[in-house]
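Student: Give the three-dimensional model of this entry:
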Amino acid sequence: MKRLLTVVALVLGFAFCGQAQTARWSDKKAEDWYAQQPWLVGSNYIPSSAINELEMWQASSFDPQRIDKELGWAESLGLNTMRVFLHDLLWQQDPEGFKKRLDTFLTIAHKHKIRPLFVLFDSCWDPNPKLGKQHAPTAGVHNSGWVQSPGAAALKDPSQYPRLEAYVKGVVGAFAKDQRILGWDVWNEPDNTNDGSYASLEPPNKVDLVRALLPRVFDWARLAGASQPLTSGVWKDDWSSPEKLGLTEKIQLTLSDVVSFHSYDGPDVFEKRVLSLEQYRRPILCTEYMARGNGSTFQGTLPIAKKYHVAAINWGLVAGKTQTYLPWDSWKNPYVNREPTMWFHEIFRTDGQPYRPEEAAFIRSIIQSTGAGN
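Tutor: Numbering: from 1, shown residues only. This next block holds a predicted model:
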C-alpha cells in the first residue's frame, strides 16, 4: 500500500501543479459514513423517455412525471439508491435551470426513499455530444445515443478546462450539503477508449488527457465543499495488488473517499473482485453489474454483495430509448426485427411489469431480509 501511495504521489504532483489540494476522507470518516447507511441497493437510472443524459435533463425533454412513476417502481422493490449521469454541457446551456431540475429530481427521489449517486463526467460512447434535440435510437443497437462528458473537443482543449471547473464547482457547490444525495462519482470509466464503437473518433492520447484531468476534478469537487463522498470506479485489469494497477486505477483508488468498481462477470469473479478491493480498507460500492448474457445476474451477485456488505447498483432500471436491454454485440449485429434470447440489462418493461417476475421477487426479498429499503 505504501508503494502505491508513493507512485501516485509522483503522478499527482505533476497533475496538480501548484493547486491547493484538499484532503481525501480518512479511513475512519469513510467507515463512519458507511456505518450510517443501509445496505445500498439500486440501479443506474435514466428515464425510459430519454436516450442519453442530455435528453434526460434539458428543459424541453425533462420528464418529472415519468421519473416519478419509474422511481415508484424502484421503491416497490426496496431499491434505495440510483446512479444518475449529469453532463457539463447542461451547465453551460442553463446553469440555473439545470439546478432547478436537479432539485426537482431530488424531491421526487426523496419521496421514493432513494438517494442518488451523481456522475459528473463519463468517457463512454459518443465523444461528440451536442445540445438540443437528440437523435432517435438506432434500430437494434445498445446505447446508440449515449454521449461522453466532456466531449473529445473539450478534452483536447485546455482553454475549456475553466468551463469544466465551473460546472463541477457549480453543481457540487449547489448541493454540497444536501443530504438527499448519496455521493458523487466524479468520472465513469475514465480510461475507456470505446474500442467496439467510437474508437476512430477518440483523441489518440485520450487516456493521457483524462489521467491528467482526473485529479483536478476530484480537487474541484472537494473545493466546492462536498459533504458527500467522492469516488471513481475501477473497471478493468487486475486490482489484486498495487503493483498490478495501471496509473489511472492508482489515481482512482488513491483519491476516492469510498472505493467503487464495475463487474459484469459471474459470481466467482465478482467475489474475487470484492476481495481484491478489501485491502484498501474503505467502503466498497459496485456501481455497475448485471448482464444476464454474460453470467452476471441478481441471484448470483446480490448474495455476495450482501455477505461482504458491498453496495450493489445494477445497470438499468427500465427498458427504453437507451435500448440497453440489447447485448453489447448489437453494435456488430443489430437486433433489427428480432428480440435477443434474453435481455442483457434492465429490470422493468416500459409499462412497469418486471421482465422476469421471479427476479423482482428475489430483489425485494433479499432487500427486505436486511432492512435495506428502510
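Student: contacts, neighbours, all on C-alpha from now
Tutor: Noted.
Student: measure the residue of the chain positioned farthest from its centre to V141 for me?
Tutor: The centre of the chain is farthest from one residue, N337, which by CA atoms, centre = their mean lies 30.8 Å away. Here N337 is placed at a distance of 12 Å from V141 (CA to CA, to the nearest Å).
Student: give me the low-pLDDT residue ranges for the chain?
Tutor: 1-21, 371-374 (pLDDT under 70).
Student: residue ranges of the helices in it, please?
Tutor: Counting by DSSP state H, the chain has helices at residues 2-16, 27-35, 53-57, 64-77, 88-93, 95-111, 152-155, 161-174, 206-223, 247-255, 267-277, 298-307, 357-368.
Student: What residues sit buried inside the shortest one?
Tutor: By neighbour count on 16 or more other CA atoms under 10 Å, the buried set for helix 152-155 is 152, 154-155.
Student: next one: the last one
Tutor: Within helix 357-368, the residues that count as buried by 16+ other CA under 10 Å are 360, 363-364, 366-367.
Student: and if you look at the fifth one?
Tutor: If you call a residue buried by 16+ other CA under 10 Å, then helix 88-93 has these buried ones: 88-91.
Student: Please tabulate these in a markdown table and include distance to L277 as additional columns.
Tutor: Below are the buried residues of helix 88-93 laid out as a markdown table (distance: CA to CA, whole Å):
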| residue | distance to L277 |
| --- | --- |
| D88 | 30 |
| L89 | 34 |
| L90 | 34 |
| W91 | 34 |
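Student: JSON lines for the helices of the chain, including distance to D237?
Tutor: Formatted as JSON lines, those follow (distance: least, CA to CA, whole Å):
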{"stretch": "helix 2-16", "distance to D237": "16"}
{"stretch": "helix 27-35", "distance to D237": "25"}
{"stretch": "helix 53-57", "distance to D237": "28"}
{"stretch": "helix 64-77", "distance to D237": "32"}
{"stretch": "helix 88-93", "distance to D237": "28"}
{"stretch": "helix 95-111", "distance to D237": "34"}
{"stretch": "helix 152-155", "distance to D237": "24"}
{"stretch": "helix 161-174", "distance to D237": "28"}
{"stretch": "helix 206-223", "distance to D237": "15"}
{"stretch": "helix 247-255", "distance to D237": "9"}
{"stretch": "helix 267-277", "distance to D237": "10"}
{"stretch": "helix 298-307", "distance to D237": "20"}
{"stretch": "helix 357-368", "distance to D237": "29"}
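Student: For R180, which of these is the nearest?
Tutor: R180 lies closest to helix 95-111 among those, at 6.4 Å (CA to CA).
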